[in-house]
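Trainee: heads up, no residue letters with this:
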């Protein structure tokens, strides 16, 4: 507040940092102080303020893109256009009922925009919420009394997962901010890392965050198929006596880990092939992009260019929802929005060398904030490394026996989040052949509920004695903001359709046509693998010199089962983005949230991708955004417990007539001199001359 | 013939080799001599014999399985049941019109079964056919004259791809065995490995293999969309003047290969974690199986057991078909069956150390035969190695910050085939978490046709000047012969179906049910990703102790677009296996061929999976075989030329209540001491104590 406008501008033209750099600790502090000053001026010096999140407010595209283009053209930082440095602050005051989204300018040290969230919207959980609520809850006499009635072993330690409450009625506009607490016992030996999910308690307190206390105790159903839709009642005398310890931590396993796995090292004797400059600018194999990070989306990718050509303005996971299929209250409300409710950035793991990746690793750290507005380091939240991708392309000339072969290499940008019981491993993969892929690995521990001894349930699978793993879905929405050789792009749906056999041009019945339908207005679309449906993002103003088609990238949408919840259900209304596989919308600054800005306890998806699309805007040859919803219906297997093997889903964006030949054509040949493999029989091999392809053996067919 | 029965039996009980070992050179020779003897006795000593293939005739399951069970139980080889050693010989006599499938016993040195192929069936191409036919064709005056009229540069070298002729009428039962020859010119500089596919000639000779001569010259259409269905006529004066060199071999590229890719080595300092005993018995991480190889299927996997439990009796790629979508004759007949027409084994690459894989590699060689019946070594046709599979599972206890993490390891069994222009990289992946996956990578060079300058076509994409890459499909059929804890298994279709919102048990609309439908009779089924449809192979006689469900493995079928050719087309009739994603049949010895035994120039799929299924046999709790058809519609991109980046498809078989917990639970933790990764900033890192998990860092969310 002491800094005058003049000084700020002067700083701007001399040593301004890149507009896509994450916030620095002092920037976080400056933003929170500005907000504190305003709140205290308005509501008095004692008004409590809780800083939920303090993050970079990305500049408007109209200002940022010219800056990025200038940067790409080689213009020095000082001569690029001015781009404001803005911070988004989400904070609540008083008992938390009133919360605000504010934009603060660090150029003027002023709040330039503030919106008070309307009634019926609830702020996300912040990084302090789970522990604060759990501590209060576990000391609450109501909880202590209810636990006592379960007759657990004396040394049982109760632990508490603080779930978003969800919603079940459209009319509850003025509800308090609730949390549904699921309780678990730690196994008898009482190791702090013992797997609580093997001992799910049949009682669930409801926490009111405004009053900061337990307001209700929900009884959880523990019946099976034979009990129909029987809701929870007072638990039986010793309801959990049939539960048994079921551990995942190596130290706690009953049998030692297997001994016959030998080490496999990835050794890069000359170092990595990528470079990282200016904190977050990555360059690798003709790709160049910036890596961002924020509390909500976690990792974001910006300004993706290939050999100087514009490809994507921004890539991000926009939202995900995890609804459960158990209809017995309160389970019907179990529906997490892991980005909107909790924040992928806030839940990011501190990645450790040699654990999460092999080879030569670069880690990126960032700063988040605590609830008092102070910066908190989030160390090693993103890692960057290369992976061998197997054979990239190969052809053997069967006449001469000469083989040409390259191995593919993938650049992996990875972020791992822990949201209570579950883990998600998110990674952007950049490839030499022009593909950009988003890989999700779901792992961690399935959310569990108690089930009576000997019973089975239609709503899930018994994965350990007394432990029901309920059926659920994971539905993600990827946001793709393209700029293929410019911002004016078009989305085309492309189907492969047989020519009718009666058609005179199909005399022998073997023909099909590729039917292309460009989207004119913002809307949704669905996957259709039976039609080989692909969606192409193209630039109709730029034709490929070889094929004459507009330059483009294609996306074959994953034909995942979409939201199973009924059309009239609140579960469905809250996550309309998960009704269709594809969406195309007209770009607007801030249209980032497929499930709406405020998802916590939301009654419906407000200002989400459905609303963006409903504007019915022109999207042909315009600045567009393409969204892909995908996921999985997870009816758990016994094998998913006590910790779940990764379930992998990958979305691919592939160049389609973007280049004039295979962009991986100039990848050096795969040779023994380069790769240094060994025969199994002998540990060391004489070096083979690697100057020519080592694969010049005749194939067996001649 | 000299050996008496007594001697053979004596050998059998003393030092008989394992019944799943590939044929030895002397066994190939013995089999061909037995056949020669019989043919010469019957047809005279000068009757020409052409040995098409000599391969192991796998023993009947009723004899082999007890042997394998005895082996698994630790019974020494000499005490296991007797299993006959049989050889399948396919041979033709005279001009090749008459051909036979014979089974020879090496125990008695007699032919025990012989079938003369019925009229209308044609034998596959053998390893001698392509070169022999091309040599004759390129010296044929008709061809020389036709090429002369194209006015190619003086030094142009003509090359010839010998395609299976295919079929277009149902009535052509008594046709000669034809080959459709597609001709290409080698580029001006005339390097032997120059890419011929950039210069496709507009003429195509038809070769009669019985007469061994060209019998017709087909003119190829070279028009575009504006020419409609105009068939080929006499080519224009200089029809290929607009074609340009377009090379893939590194030495021939105009620009040097990229220089900024640094080496990445996979180093296994203690060697591989697998062992190979008795030639083809692989043991790795509780998995144990035998690797087979034959001229037709290439790699096969037998007797797959996990920790002593029976899992799969046999896994194989059964067939594939590649129909093209260009309706202009003769392109409408372009439809390869790469296994049945040419043979994946016959076309297998000789894999080279350090080119096709990284790390510690074991190669398997085998013996095929030449047309005179002599053994020919097929070196290094299969390779075996381990790959890092990324994170296998992870969970962080957010209360303590302690992370447990393992990396996955995959055992890869790989076979690569070159079928003329195309390459397929096939690999079975075995994983620690119980998954078995079949990965296909399609690469190589797309098949091309000439297109006039400046034109574009609805039947393909222009990928180089004058070069049309025609639209085509790759449709594979995987054969899965399960024995989950026994041979009596059942296939169950499992859909996730919303409970109606009107249903009283679905008060809030969030519920779905898993609807299971076991198959009672042999039949087909289709993928339905919108229902989250999975198929489970289960053993209804063995229930999982935890869940109470029958032990099983699940397959989520790839929902690929199936055959596009019309219902009345010959293309469709020949490949009925590619009409549906799933088939379940009752096991019978010899039911191996989804597209029928004889696919070359077939008029319809005869004795293929459609016929196996049509027997309408009981398949519930029986010895069953499950088949999965999948693939891709490939409408080529410019990026697919001059050599195509790998297009990857993976089919996964995953345990589903087969185990009582995550089978990868006891994989040792991923630690820096084991993995030895490095930070990008510094090349060497001080060693970290790896005795406990190195990931015990608090996550940023607490």
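Mentor: Ah, there it is. Note that the structure is a prediction, hence the values are computed from the model and not measured.

Trainee: From now on I want contacts and neighbour counts done on CA atoms only, so please keep to that.
Mentor: Fine.

Trainee: Show me what the strand or helix carrying residue A:480 is packed against.
Mentor: Using DSSP states H and E, residue A:480 sits within strand A:472-482. Packing partners of strand A:472-482 (3 or more C-alpha pairs under 8 Å, 6 or more residues apart in numbering or on different chains; DSSP states H and E): strand A:309-323, strand A:622-634.

Trainee: May I see the ones you listed arranged in CSV, with mean neighbour count as well?
Mentor: Below are the helices and strands packed on strand A:472-482 laid out as CSV (neighbours: other C-alpha atoms under 10 Å in any protein chain shown):
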stretch, mean neighbour count
strand A:309-323, 23
strand A:622-634, 24
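
Trainee: can you tell which of those strands is closest to residue B:219?
Mentor: Smallest distance to residue B:219 across the helices and strands packed on strand A:472-482 (C-alpha to C-alpha): 42.2 Å, for strand A:309-323.

Trainee: can you give me the angle the closest one makes with strand A:472-482?
Mentor: Strand A:309-323 runs at 160 degrees relative to strand A:472-482, counting by axes from the mean of the first three to the mean of the last three C-alpha atoms, to 10 degrees.

Trainee: Contacts for strand A:309-323, please.
Mentor: For strand A:309-323, the surrounding residues in contact (C-alpha atoms under 8 Å, 6 or more residues apart in numbering or on different chains) are A:297, A:299-305, A:334-340, A:472-486, A:571, A:575, A:592-595, B:510.

Trainee: does chain B sit close to stretch A:222-231?
Mentor: Yes - judged by C-alpha under 8 Å from any C-alpha of the partner chain, stretch A:222-231 and chain B are in contact via A:228, A:229.

Trainee: Make JSON lines out of the helices and strands packed on strand A:472-482 and add mean pLDDT.
Mentor: Compiled in JSON lines, the helices and strands packed on strand A:472-482 are given as follows (pLDDT from 0 to 100):
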{"stretch": "strand A:309-323", "mean pLDDT": "98"}
{"stretch": "strand A:622-634", "mean pLDDT": "98"}
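
Trainee: Quick one: closest of the ones you listed to residue A:233.
Mentor: strand A:309-323 (23.6 Å).

Trainee: Domain boundaries for chain A, per the record?
Mentor: A:5-116, A:129-252 (automatic domain parsing).

Trainee: re earlier: the helix or strand that comes right after the strand holding residue A:480: which residues count as buried?
Mentor: Downstream of strand A:472-482, the first helix or strand assigned by DSSP H and E is strand A:488-498. Neighbour counts over strand A:488-498 (16 or more other C-alpha atoms under 10 Å in any protein chain shown) mark A:488, A:489, A:490, A:491, A:492, A:493, A:494, A:495, A:496, A:497, A:498 as buried.

Trainee: of all these, which comes closest to residue A:232?
Mentor: Set against residue A:232, the nearest of the buried residues of strand A:488-498 by C-alpha to C-alpha is residue A:493 (48.5 Å).

Trainee: near chain B, which residues of the stretch 151-300 of chain A show up?
Mentor: A:168, A:192-193, A:228-229, A:248-250, A:253, A:255-273, A:285.

Trainee: Of the residues you listed, which belong to strands?
Mentor: Among these, the ones falling in strands (DSSP state E) are A:265, A:266, A:267.

Trainee: I'd say the second one and residue B:677 touch.
Mentor: Yes - counting by C-alpha atoms under 8 Å, residue A:266 does reach residue B:677; the two are 7.1 Å apart.

Trainee: any common contacting residues for those two?
Mentor: A:358, A:359.

Trainee: what are the ranges of the helices in chain A?
Mentor: Ranges of helices within chain A are A:5-15, A:25-43, A:61-72, A:129-138, A:141-148, A:570-573, A:609-614, A:672-675, based on DSSP state H.

Trainee: Next, format those helices as JSON lines and append distance to residue A:181, mean pLDDT and mean neighbour count.
Mentor: Conversion of these to JSON lines gives the following (distance: least, C-alpha to C-alpha, whole Å; pLDDT from 0 to 100; neighbours: other C-alpha atoms under 10 Å in any protein chain shown):
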{"stretch": "helix A:5-15", "distance to residue A:181": "47", "mean pLDDT": "42", "mean neighbour count": "13"}
{"stretch": "helix A:25-43", "distance to residue A:181": "31", "mean pLDDT": "97", "mean neighbour count": "18"}
{"stretch": "helix A:61-72", "distance to residue A:181": "41", "mean pLDDT": "98", "mean neighbour count": "16"}
{"stretch": "helix A:129-138", "distance to residue A:181": "8", "mean pLDDT": "97", "mean neighbour count": "17"}
{"stretch": "helix A:141-148", "distance to residue A:181": "11", "mean pLDDT": "96", "mean neighbour count": "14"}
{"stretch": "helix A:570-573", "distance to residue A:181": "19", "mean pLDDT": "97", "mean neighbour count": "25"}
{"stretch": "helix A:609-614", "distance to residue A:181": "30", "mean pLDDT": "98", "mean neighbour count": "22"}
{"stretch": "helix A:672-675", "distance to residue A:181": "53", "mean pLDDT": "88", "mean neighbour count": "21"}
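
Trainee: Let me have those helices in TSV, adding distance to chain B as columns.
Mentor: Output for these, formatted as TSV (distance: least, C-alpha to the nearest C-alpha, whole Å):
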stretch	distance to chain B
helix A:5-15	25
helix A:25-43	16
helix A:61-72	20
helix A:129-138	7
helix A:141-148	20
helix A:570-573	7
helix A:609-614	20
helix A:672-675	4
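
Trainee: Those helices: which one's closest to residue A:326?
Mentor: That would be helix A:570-573 among those, by C-alpha to C-alpha, at 12.2 Å.

Trainee: Please list the outside residues in contact with that closest one.
Mentor: Outside of helix A:570-573, the residues within contact range by C-alpha under 8 Å, 6+ apart are A:167-170, A:323, A:333, A:335, A:563, A:565-567, A:579, A:603-605, B:508-510.
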